[in-house]
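Colleague: quick one: sequence plus predicted model below, questions after.
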Protein chains: 2
Amino acid sequence: MEKMAPKERVFRSAVYLFARHGFAGTGLRELAARAEVNLAMISYFYGSKKGLLKEILDGFFEQYIAIAEKELHGTDSLHTKLTRFISSAVRYFESDQDVLLVMITELPHDDPEIIEYKAKWAGKMAKIIGKEVCKPLAEETGRTIPASCMGPMLTSLMASRFLFSPLMKRVSGDIENSVNTESYIEIITTLFLQGLTAQE
Amino acid sequence: MEKMAPKERVFRSAVYLFARHGFAGTGLRELAARAEVNLAMISYFYGSKKGLLKEILDGFFEQYIAIAEKELHGTDSLHTKLTRFISSAVRYFESDQDVLLVMITELPHDDPEIIEYKAKWAGKMAKIIGKEVCKPLAEETGRTIPASCMGPMLTSLMASRFLFSPLMKRVSGDIENSVNTESYIEIITTLFLQGLTAQE
DNA sequence: GTAAAAGTTAAACAAACGTTTGAATTGTAG
DNA sequence: CTACAATTCAAACGTTTGTTTAACTTTTAC
């Protein structure tokens, strides 16, 4: 932490604290202390507390959508593409667990300054899912599931491990030891693929 | 709202506001105003702001676990029991969407006063899932998925619709019209059942 | 070397925070 | 009617909140 630039120290400390105390529950003085930075530097770097949150959310969605575009686009089979996407997305979630938690916990909140931001990204994601997943799926199996349903299902399922892990660590030892990331990816991949393509 | 008792007005207003602004983001004066109650009544009824949150979370977990115990227990097949559970749980989530959102958004936060509460309930739930879902599944298919992984997957999947709905409403019209609850239940039921019992 | 820019600081701002107090009001038994 | 308990109230408590100001230091550029 000492070798980082002050602006990045603030960013990382914010991610850490927002994930654990929530955005509104984190004070800027606590944040400044953890980042070892003067209080005024936060406003100097990010304009405001909400500006800092926006930058965190922007970073997450940018990467998440980049992964979706990269792994879901192309001429491969839906099965192959979804397998690739889930693997990449879960690995990214794991590498940035705190950012993921900030995104999820702030997802339903209706702050007018933040909500347009989230809606913009969600719309972008829905468009990709609709084109690359829902449409091919409908052609293959006849099942029409709208992107506004498919996207949340996929994201929630992939995030479930990390959303609950702070609690699960406390209830039954370290969760990391019970199911590693490889197994987790395999579980939800077969769950999703077999579940979607199954006819009843 | 006018015909309710003041204590319940406070409770419902708290659920409404916590779901939209977050727990830490909601001020007691704003809450008192919405509940049409004097500020001091909140402390009078619930002791403290955190006491109010505890009561909300308690109410959710109590009902959620009651549903799990009722629908998952018994001699029916795993398939039948899971179908029943998902149907009941999703319906409950829908009837109490705001409470569900409060629970999810407060899930990762590590307030020492609240965290034991959540861990207690999570442990109870994990025990039920382990006994009624994971064990039968292992006997049927040979797949061993620990409850600390299965529980979060199930809950997240069932909650996905409601976690994202505040955003999805804004991005593509009313989500309620695109996939109704019946279809949603059917989608995630077959997704989960076919996905779990599938051999690769 | 000097001037402009970028970075950093302590101090202060009004506003909002959760909580408490003690008096006033209302409801309930005896 | 009286007395006791439950409820409601306005007011104030001391903190903490996010943000801004103006002075100061360091870095950058010519």
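Modeller: Yep, that arrived. Residues are numbered from 1 along each chain as shown, chains lettered A, B, ... in the order given.

Colleague: stretch A:133-147 and chain B in contact?
Modeller: Yes - residues of stretch A:133-147 contacting chain B under CB under 8 Å from any CB of the partner chain: A:145-146. In this view, the C-beta of every residue, glycine as well, is placed from N, C-alpha and C.

Colleague: list the contacts of that stretch.
Modeller: Residues outside stretch A:133-147 that contact it (CB atoms under 8 Å, 6 or more residues apart in numbering or on different chains): A:72, A:78, A:81-82, A:126-127, A:129-130, A:150, A:154, A:196-197, A:199, B:178-179, B:187.

Colleague: could I get the contacting residues of the residue most central in space within chain A?
Modeller: Chain A has A:Leu100 as the residue nearest its centroid, 4.0 Å off, counting by CA atoms, centre = their mean. Applying CB under 8 Å, 6+ apart, we find A:Leu100 in contact with A:60, A:93, A:159, A:162-163.

Colleague: just the element for it, please.
Modeller: Take DSSP states H and E as the rule and A:Leu100 turns out to sit in helix A:97-106.

Colleague: how many residues are close by the closest residue to the residue nearest to the centre of chain A other than its chain neighbours?
Modeller: Leaving aside its sequence neighbours, A:Leu100 sits nearest to A:Phe93 (CB to CB, 6 or more residues apart in numbering or on different chains; 5.0 Å). By other CB atoms under 10 Å in any protein chain shown, 24 other residues sit near A:Phe93.

Colleague: A:Ser160 is in contact with A:Phe93, correct?
Modeller: No - using CB atoms under 8 Å, A:Phe93 makes no contact with A:Ser160, being 10.0 Å away.

Colleague: lowest-pLDDT helix or strand in chain A?
Modeller: Across the helices and strands of chain A, mean confidence by mean pLDDT, DSSP states H and E is lowest for helix A:175-178: a mean of 60.

Colleague: would you mind listing what in chain A touches DNA strand D?
Modeller: Neighbours of DNA strand D within chain A, by CB under 7 Å from any atom of the strand: A:26-30, A:39-40, A:42-43, A:48-50.

Colleague: which of those fall within helices?
Modeller: Judged by DSSP state H, helices contain the following of the residues of chain A next to DNA strand D: A:28-30, A:39-40, A:42-43, A:49-50.

Colleague: any chance of JSON lines for those residues, columns pLDDT?
Modeller: Converted to JSON lines, those look like this (pLDDT from 0 to 100):
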{"residue": "A:Leu28", "pLDDT": "98"}
{"residue": "A:Arg29", "pLDDT": "98"}
{"residue": "A:Glu30", "pLDDT": "98"}
{"residue": "A:Leu39", "pLDDT": "98"}
{"residue": "A:Ala40", "pLDDT": "98"}
{"residue": "A:Ile42", "pLDDT": "98"}
{"residue": "A:Ser43", "pLDDT": "98"}
{"residue": "A:Lys49", "pLDDT": "98"}
{"residue": "A:Lys50", "pLDDT": "98"}
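
Colleague: of these, just the buried ones, PyMOL syntax please.
Modeller: To isolate the buried ones among these in PyMOL, judged by 16 or more other CB atoms under 10 Å in any protein chain shown, type:
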select buried, chain A and resi 28+42+49
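
Colleague: could you find the closest non-adjacent residue to A:Arg29?
Modeller: The shortest distance from A:Arg29 to any non-neighbouring residue, by CB to CB, 6+ apart, is to A:Leu39 (5.9 Å).

Colleague: wait, that neighbour touches A:Glu30, no?
Modeller: No - if you go by CB under 8 Å, A:Leu39 and A:Glu30 don't touch, sitting 10.2 Å apart.

Colleague: hmm, back to that, go through the ones in helices among the residues of chain A next to DNA strand D and name the one nearest DNA strand C.
Modeller: Proximity of these to DNA strand C was ranked by CB to the nearest atom of the strand; the top entry is A:Ala40 with 3.6 Å.

Colleague: contacting residues for the closest one?
Modeller: If you count contacts by CB under 8 Å, 6+ apart, A:Ala40 has none.

Colleague: hang on, the earlier thing: show only the entries of the contacts of stretch A:133-147 found in helices.
Modeller: Per DSSP H, the contacts of stretch A:133-147 map to helices at A:72, A:78, A:81-82, A:126-127, A:129, A:150, A:154, A:196-197, B:178, B:187.
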